[in-house]
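A.B. asks: here's a sequence, model it:
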Amino acid sequence: MTRAKLLETLNHHGNYFEIGDFVPSVSDEVYKDNVRKVQRHIADGDICQTVLARSFTAHISGLDTMKTPLSMLARLLQIE
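C.D. replies: Below you'll find the predicted structure:
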């Protein structure tokens, strides 16, 4: 089954949930400050690499455990 056919089939079942705005665990300004700190440590030779990450959360409403997985897959397939 092609991606397009799978997406068409999944969309036929409809979307059963709503996703709110994504909110980062730290602000953009705090994240930028953290990046600058890492860059200074690299320039000073303290470290050679690091993994700097932040998480995002969003409120999800209207979840139906019997229908939601297909809807979520359909939305993921729409991302290019």
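
A.B. asks: only C-alpha atoms from now on, for both contacts and neighbour counts.
C.D. replies: OK.

A.B. asks: what residue ranges in this protein score low on pLDDT?
C.D. replies: 1-3, 5-17, 63-68, 70-71, 79-80 (pLDDT under 70).

A.B. asks: could you chop it up by domain?
C.D. replies: What automatic domain parsing lists as the domains of the chain is 1-20+61-80, 22-57.

A.B. asks: for the shortest one, measure first residue to last.
C.D. replies: I take that to be domain 22-57. Distance between the boundary residues of domain 22-57 (CA to CA, to the nearest Å) amounts to 5 Å.

A.B. asks: who are the packing partners of the longest helix that the chain contains?
C.D. replies: Longest helix in the chain, counting residues (DSSP state H): helix 28-43. For helix 28-43, there is no helix or strand it packs on, judged by 3 or more CA pairs under 8 Å, 6 or more residues apart in numbering; DSSP states H and E.

A.B. asks: contacts for that helix, please.
C.D. replies: Helix 28-43 is contacted from outside by 47, 48, 49, 50, 52, 54, using CA atoms under 8 Å, 6 or more residues apart in numbering.

A.B. asks: likewise stretch 18-27?
C.D. replies: Under the criterion CA under 8 Å, 6+ apart, residues 54, 55, 56, 57, 58, 59, 60, 61, 62 lie in contact with stretch 18-27.

A.B. asks: buried stuff in stretch 37-51?
C.D. replies: For stretch 37-51, a neighbour-count test (16 or more other CA atoms under 10 Å) marks 38, 39 as buried.

A.B. asks: any idea how far apart the tips of that stretch sit?
C.D. replies: Terminal residues of stretch 37-51 lie 13 Å apart, using CA to CA.
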